[in-house]
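Asks: no FASTA, just this:
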């Protein structure tokens, strides 16, 4: 079979099939894990994400939520009956990120002077 006819099993957006690289392609930027952190803490509405102390810009938040939806990490639903406002919640796949976020929190508390839990 000619080389050009061989189909790759990895999506074109992946840099490699390495699982660490694949995970970083989804949530390895400076904002996505903070959105996931907020979801873990019970936040789910757009305005609640914007209220976090890190100050995520609205266009970046929109893009990150879209990416998390596309990868099945969050679901979107009506914030209240009859409302046009949307809210987000973690899926089972999203909840599986909890140990990663907890490990990062614990590492930061141990090694980064001045860091404090519960500030977000």
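Replies: Perfect, I can see it now. Please read these numbers as outputs of a predicted model, since none were measured by experiment. Numbers count the residues shown, from 1 in each chain.
Asks: this structure: strands as residue ranges?
Replies: 74-78, 86-90 (DSSP state E).
Asks: got the buried residues for the last one?
Replies: Of the residues in strand 86-90, those scored as buried under the neighbour-count criterion (16 or more other CB atoms under 10 Å) are 87, 88, 90. To be clear about C-beta, it is placed using only N, CA and C from the backbone, and glycine gets the same treatment.
Asks: hang on, the last one packs against residue 40?
Replies: Yes - contact between residue 90 and residue 40 holds when scored by CB atoms under 8 Å: they sit 7.1 Å apart.
Asks: quick revisit: with distance to residue 45 and mean pLDDT as new columns, can the strands of the chain be given to me in JSON lines?
Replies: Shown next, in JSON lines, are these (distance: least, CB to CB, whole Å; pLDDT from 0 to 100):
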{"stretch": "strand 74-78", "distance to residue 45": "11", "mean pLDDT": "97"}
{"stretch": "strand 86-90", "distance to residue 45": "5", "mean pLDDT": "97"}
